[in-house]
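Engineer: Sequence below, structure please.
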Amino acid sequence: MLPFVYLIVRAFDASDLAWQLLFRIKTLHTLFNTLVLTIGVVFVSILISLPMAWLTVRTDLPLRRFWSVLGALPIVIPSYVGAFLYITVFGPKALFQQLLEIIFGIERIPSFYGLSGAIIVLSLLSYPYIYLIVRASISNIDSSIEDSARSLGRSSFKTFLTVTLPMLRPAIAAGALLVALYVISDFGAVSLMRYPTFTWSIYQQYQGAIDRSAAALLSILLLLFSVVILYMEQKSRGRIKYHRSGAGISKRPSLIRLGQWKWPAVIFCALVVSFSLILPGSVLVYWLVRGISYGETIASAWSTALNSIYASGLTAIIAGLIAIPVAAFIVRFPGKVARLFESISYVGYALPGIVIGLSLVFFGVRYGGFLYQTIWILVFAYIVLFFPVAMGSVRSSFAQIRPSYEEAAKGLGRSNIGVMYSITLPLVRSGVIVAMALVFLITMKELTATLILGPLGFKTLATQVWSFTSEAFFAKAAFPALLIILLSSIPLAFIMYKNRALRL
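Structural biologist: Below you'll find the model as predicted:
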């Protein structure tokens, strides 16, 4: 609640001019831009992530392990880095246009800036939020339900549409919510794509005006927009139960043969991986090689990498652990109080990092002096920002557990704590691990809160990349940017290969 309290305090100090800014036509136009961008990115992300998750878990897709790991890696690319890399390839007079001019004589291509470019970039970088959660959910579905549908004459495709897809609805909704909130709070990609959104307006108000109350009012409006999105996600879940209600034994699913669709499926996965990961990675390697050839050093990035690992690891562990009781309460005791807690937890993720950072500066200076300028207030800011990422994954895992399992254990004399350790935690383990991985990945690339709250002399890979790119030293930024991808991909690859719930 700290960011919300901070915004309210600033709003009470707002001048009449700041209130007039809130009701201008330009503000409504910016709100419309944000809405269109959010819907577009969520829609495209679902179109990418849903078939890819199903193909890599339930089918005999060639190189399934390869595609499953690479399909999740774009999540580690910071939006401001990804946007710049795509612009260097598809922007005006960039590499792609030069290639077309040489081969076909085409001297001009449609502009990559604006809404279309922002949707493409943000979708390619954010679809793994849905992909990872849906993939974990598919792995937990009892395949005997699908086998029953096929035994009654349904084809594999109809079984997916009528049985599997409805059971995936909470996971899709949780991932879509994360993507939507990520989009409305993003600054890096939309600023480089020159597409004005609320976050861009808020940053301009904070940087360009002495009176920050106008930015606080815009942040409150952005927060209300996020609450509407959260309400729609809650309504989409409804009161449907997603666990099996009858008796039976869960079994490991058999792989569905793709047949003539095998190679189209491979082409689809290859295109997604190529545009979301290989293309930006290749451009980064180009800048790295170019920098080394001109004598750039990479030694300074190693100590910065240790700082990033330490802060991201602490945040991932704490956020994953505290998500367990919160998700359990929301799923097992639904009601107004649970919905209120859930809505409050999304406050931080819906706001730009600069608002979270300034709110904790406000708190630290006045009430938490012993925490101010320490690593712990930075980790606290990360948890405020990214706790919904952990809770979304853990909550979808709780939703698929039959309450009768826990009730049976209690009937046999187990205490509530005993049931949690012996029944509940093993069943939600895959969701918790995915939650920690997601938080670690996102924390590795967080920028604005780190710039504001980081202890003196404490630099992360994200801040190092930002400082170099802001001065157009792209060759210097290449190595720390590649380290973000490499260090984040190691735990993600380990989880995708070794975790029992996600194994292939």
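Engineer: The residue sitting nearest the centre point of the chain: which element?
Structural biologist: Closest to where the C-alpha atoms of the chain average out (CA atoms, centre = their mean) is Y129, at 4.5 Å. Assigned by DSSP states H and E, Y129 falls within helix 115-140.
Engineer: For the residue lying closest to A72 once chain neighbours are set aside, grab the count of nearby residues.
Structural biologist: Of all residues not flanking A72 in the chain, P128 sits nearest, at 4.9 Å (CB to CB, 6 or more residues apart in numbering). (C-beta placed from N, C-alpha, C; glycine too.) Using other CB atoms under 10 Å, P128 has 29 other residues around it.
Engineer: mind listing what P128 touches?
Structural biologist: By CB atoms under 8 Å, 6 or more residues apart in numbering, P128 lies in contact with S49, G71, A72, L73, P74, I75.
Engineer: cool, and A11?
Structural biologist: Contacts for A11 (CB under 8 Å, 6+ apart) come out as S213, A216, L217, I220.
Engineer: Spatially nearest residue to the first one (excluding sequence neighbours)?
Structural biologist: In other words, S213. Nearest residue to S213, sequence neighbours excluded (CB to CB, 6+ apart): A14, at 3.7 Å.
Engineer: Quick one: low-confidence residue ranges for the stretch 251-400 of the chain.
Structural biologist: For the stretch 251-400 of the chain, the stretches with pLDDT under 70 are 251-254, 297, 299, 350.
Engineer: From T304, how far off is L288?
Structural biologist: From L288 across to T304, the span is 16 Å (CB to CB, to the nearest Å).
Engineer: you'd agree P3 is up against L351?
Structural biologist: Yes - contact criterion CB atoms under 8 Å: P3 and L351 qualify, at 5.7 Å.
Engineer: More neighbours: which of those two?
Structural biologist: L351 (27 against 24).
Engineer: and the more buried one, what does it touch?
Structural biologist: Shown in contact with L351 (CB under 8 Å, 6+ apart): P3, S185, S219, L222, L223, S226.
Engineer: ok, so of those, who is nearest C269?
Structural biologist: Nearest to C269 among the contacts of L351 is S185, at 29.1 Å by CB to CB.
Engineer: Could you check the pLDDT of that closest one?
Structural biologist: Looking at S185, its pLDDT stands at 79.
Engineer: what's near enough to touch it?
Structural biologist: T199, L222, Y349, A350, L351, P352, G353.
Engineer: how far away is S300 from W67?
Structural biologist: From S300 across to W67, the span is 35 Å (CB to CB).
Engineer: Average pLDDT for stretch 463-482, rounded please.
Structural biologist: Rounded mean pLDDT across stretch 463-482 is 78.
Engineer: quick revisit: just curious, which of the contacts of P128 is nearest to F84?
Structural biologist: When the contacts of P128 are ranked by distance to F84 (CB to CB), P74 comes first, at 15.0 Å.
Engineer: Against I75, how distant is the residue nearest to the closest one when sequence neighbours are not counted?
Structural biologist: For P74, ignoring the flanking residues on the chain, the nearest one in space by CB to CB, 6+ apart is S276 at 4.0 Å. Distance of S276 to I75, given as CB to CB: 9 Å.
Engineer: joint contacts of the two?
Structural biologist: With CB under 8 Å, 6+ apart as the test, S276 and I75 both reach L125.
Engineer: re the thing from before, quick one: pLDDT of the residue nearest to A72?
Structural biologist: 89.
Engineer: And it, how far from R135?
Structural biologist: Using CB to CB, P128 is found at 9 Å from R135.
Engineer: what about the strands in the chain?
Structural biologist: Counting by DSSP state E, the chain forms no strands at all.
Engineer: Read off the pLDDT value for P62.
Structural biologist: 88.
Engineer: For it, which non-adjacent residue is closest in space?
Structural biologist: V266 (5.8 Å).
Engineer: residues near the one you found, how many?
Structural biologist: For V266, using other CB under 10 Å, the count is 16.
Engineer: now G82
Structural biologist: When neighbours are counted by other CB under 10 Å, G82 registers 25.
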